[in-house]
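> What follows is a predicted structure for the sequence shown.
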Amino acid sequence: MADVANSKLFEGLKGIQNRKDALVVLVKTEWNSEVVDELEKGCVKVLSQAGVAHKTLVVPGAVEIPFAIQQCWAAYNAPNAFIALGCVIKGDTPHFDYVCQSITNGITELNLSMQVPVIFGILTVNTTEQAKERIGGQHGHKGEEAAITALKMMVLNDRLKEGKI
C-alpha cells in the first residue's frame, strides 16, 4: 500500500510559494461527491496557501475527465497544471475495472501529449470507508497530496523549459 510517510512529498517546497502568475485547473466528477468535494477542498487549501490561482470544472463522471482537460487546454492554453479529481468505488460488476482503466489511460495519454502536468487525484477504492481514510483519515489527504504534486511538477516543468536540468 502506498503510504505518504514513505515518501518525501512534503519536503522541498521552496520556490513554489506565491506563483501569482500560475493557474491550476481542477477537474472533478459529480460521482461520489461527498468524497470528491473533500479532495477538492484539500487541493484548494494547498494551492491557496501557495498563492496559486485555481479554477474548478465539473464533469458528470470520471471517464469524462480527460476530455474536459484536453478541451480546456485547447480552448485556453493557459493553465500551468491540471488535477483530475474523482472517486471510483468498486461495485459488483466489472464496470469499476473499465472506469479505472479508462481514466488511467486518459490521464497517462494527456501527460505524454500536453505541455503541462496532469495530476492523478483519482481514488480507486473498494469501499466508501477506504475513500474516507484518504480524505483526512489514516491514509492522509490525497487532495492535498495532489496539489503538492502539481506545484512540484510546475516547478520541474519550468526548469525543464528553461534548460536548467
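Nice, thanks for sending it over. Because the structure is predicted, anything quoted here is derived from the model rather than measured.

> Have a look at the chain and report its longest helix.
For the chain, the helix that runs over the most residues, judged by DSSP state H, is helix 142-162.

> in that helix, what's buried?
142-155 (16 or more other CB atoms under 10 Å). Glycine gets a C-beta too; all of them are placed from N, C-alpha and C.

> what does stretch 123-135 give?
123-125, 130-135.

> what does stretch 66-81 give?
Those would be 66, 68-70, 72-73, 79-81, for stretch 66-81 by 16+ other CB under 10 Å.

> Quick one: distance of stretch 35-48 to the chain centre.
10 Å (CA atoms, centre = their mean, to the nearest Å).

> Same check on stretch 54-63?
11 Å.

> end to end, how far does it reach?
Terminal residues of stretch 54-63 lie 22 Å apart, using CA to CA, to the nearest Å.

> List of residues touching that stretch?
23-31, 40, 43-44, 47-48, 65, 67-68, 72, 86, 88, 99, 102-103, 106, 122 (CB atoms under 8 Å, 6 or more residues apart in numbering).

> Can you spell out which helices and strands pack onto the worst-scoring helix or strand of the chain on mean pLDDT?
Least confident helix or strand, the chain: strand 135-137 with a mean of 86, by mean pLDDT, DSSP states H and E. Contacting strand 135-137 under the criterion 3 or more CB pairs under 8 Å, 6 or more residues apart in numbering; DSSP states H and E are the following elements: helix 33-49.

> So what touches the helix it packs on?
24, 26, 28-30, 53-54, 56, 83, 85-87, 121, 123, 128, 131-132, 135-136, 141-148, 150-151.

> Can you get me a residue count around F96?
16 (other CB atoms under 10 Å).

> Check the spacing between the closest residue to V46 other than its chain neighbours and H54 real quick.
Nearest-residue entry for V46: A147, 3.6 Å, with adjacent residues in sequence omitted and distances by CB to CB, 6 or more residues apart in numbering. When distance is defined by CB to CB, to the nearest Å, A147 is 9 Å away from H54.

> Repeat that for M153.
Distance of M153 to H54, given as CB to CB: 15 Å.
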